[in-house]
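Engineer: Sharing a model that was predicted from the sequence below.
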Amino acid sequence: MALVYGSLFQNSNPVHAFQLIGDGGLLPIDVNASASQQSPFWLHYDYKNQDSFQWIQQSDLFNDQVKSALSGHSGRWRIIRVGDGVLLTLQTLNTNEGQRPEQLVAFRVFINSRIIISSRHRKVNSLDSVINDLKEGVGAQSTGDWLVEVTDAITDEISDFTDSLHERLIDLEDYILHGEIPERGELALLRKQIIVVRRYMAPQRDMLSRLTAEKLLWLDDTDRRRLQEISDRLGRCIEDLDGFISRTAIMSDEITNMMTEMMNRRIYTMSLMAMIFLPTTFLTGLFGVNLGGIPGNEFRFGFSAFCILLACLIGTVFWWLRKSRWL
């Protein structure tokens, strides 16, 4: 391949176009200029851009399966061997403004010893740290090293998010221990975020572990060891998420028990009030009938005596309820 860009990537309109210069730094490139292949290069595309989409579909560098993935037609987690390269579909948190983290962002990568072609639609913010390291001269030195740096950045993001979920769980648990009920939907949202992230990260962990077993010449032993460490770290995050799911289930049961207890207490109180006033209701109903000859109707203090009798009756019922430990 005499020309690696210009003839092959002309008018492809990438979001980023860099060449890895081998010492941890990068060299921005112009895809419309001609240059010879001296070191690997990385082109990052937005597949919703019409120029980029057309270039992906018309390029002779990829087969139909790779073209379909890079064009955003497949969001499934996958690792596909293509010659001396692989096609990866990776997921990371959506940290874009106004969107929730569990609305994960997918980006696809075709990588071999010479080129890195990645595509996405929504911005992948975890790539910023990889680009910044390259600009500082402390980044990836090869395509295998680049893959390690990217997966490490994604896993760091997942790990930080897992820590934040843990802190939110502790706050909710303390809130519930003090007898308070969280706002409606707060626990449900937290549980949804945990389940979604766990659902998408488990296959990604398996995919990283599988990469270490692939016979790829551009992955050296150091890269394989680091990928396995990243896979193990992601596995520990998944184990934490499994624990979080159990904790939220316990919290949900506790909230249900608290609400049931509150309802039972209210019903119990209303029943006691009805029991206290039931005898008085009976007597007032009995003496309220419009019939002549009611005992005491000629007595001057008959009404006062009747009120005192009702008060004594209420007091007697109240004392009996307390003695029976119903109150």
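Structural biologist: Noted; the coordinates are in hand.

Engineer: So residue 307 versus residue 317, what's the distance?
Structural biologist: 16 Å (C-beta to C-beta, to the nearest Å). Yep, even glycine has a C-beta here, placed from its N, CA and C like the rest.

Engineer: Those two - which one has more neighbours?
Structural biologist: residue 317 (17 against 10; other C-beta atoms under 10 Å).

Engineer: so which helix or strand takes in the more buried one?
Structural biologist: In this structure, residue 317 sits in helix 302-323 according to DSSP states H and E.

Engineer: Over to residue 43?
Structural biologist: Following DSSP H and E, the helix or strand that holds residue 43 is strand 41-46.

Engineer: Which neighbouring elements make contact with that strand?
Structural biologist: With contacts defined as 3 or more C-beta pairs under 8 Å, 6 or more residues apart in numbering; DSSP states H and E, strand 41-46 has these neighbours: strand 16-20, helix 50-58, strand 115-120.

Engineer: in its sheet, what does that strand sit against?
Structural biologist: Sheet pairing of strand 41-46 (DSSP bridges) gives strand 16-20 (antiparallel), strand 115-120 (parallel).

Engineer: Would you mind giving the orientation angle of the last one with respect to helix 50-58?
Structural biologist: Taking axes from the mean of the first three to the mean of the last three C-alpha atoms, to 10 degrees, strand 115-120 and helix 50-58 form an angle of 130 degrees between their directions.

Engineer: Just give me the longest helix of this structure.
Structural biologist: In the chain, with assignment by DSSP state H, the single longest helix is helix 221-287.

Engineer: Quick one: work out the angle between that helix and helix 302-323.
Structural biologist: Computed by the same axes, to 10 degrees, the angle between helix 221-287 and helix 302-323 is 150 degrees.

Engineer: so how far is helix 221-287 from its chain's centroid?
Structural biologist: Here the centre of mass of C-alpha atoms in helix 221-287, compared against the chain's by C-alpha atoms, centre = their mean, to the nearest Å, lies 21 Å away.

Engineer: What of stretch 141-156?
Structural biologist: 23 Å.

Engineer: which residues touch it?
Structural biologist: 20, 22-24, 40, 42, 88, 90, 92, 109, 111-116, 126-127, 129-130, 133, 139-140, 204, 208, 211, 216, 218-220, 223, 226-227, 230, 233-234, 237 (C-beta atoms under 8 Å, 6 or more residues apart in numbering).

Engineer: Going along the chain, name the strands of the stretch 51-200 of the chain.
Structural biologist: 79-82, 85-92, 105-111, 115-120 (DSSP state E, counting those that start in this stretch).

Engineer: what would the ones you listed look like in CSV with distance to residue 188?
Structural biologist: Below are these laid out as CSV (distance: least, C-beta to C-beta, whole Å):
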stretch, distance to residue 188
strand 79-82, 34
strand 85-92, 22
strand 105-111, 23
strand 115-120, 29
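
Engineer: Serialize the ones you listed to JSON lines and add fields for mean neighbour count and mean pLDDT.
Structural biologist: Written out in JSON lines, the entries for the strands of the stretch 51-200 of the chain read as follows (neighbours: other C-beta atoms under 10 Å; pLDDT from 0 to 100):
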{"stretch": "strand 79-82", "mean neighbour count": "14", "mean pLDDT": "86"}
{"stretch": "strand 85-92", "mean neighbour count": "23", "mean pLDDT": "91"}
{"stretch": "strand 105-111", "mean neighbour count": "23", "mean pLDDT": "92"}
{"stretch": "strand 115-120", "mean neighbour count": "23", "mean pLDDT": "93"}
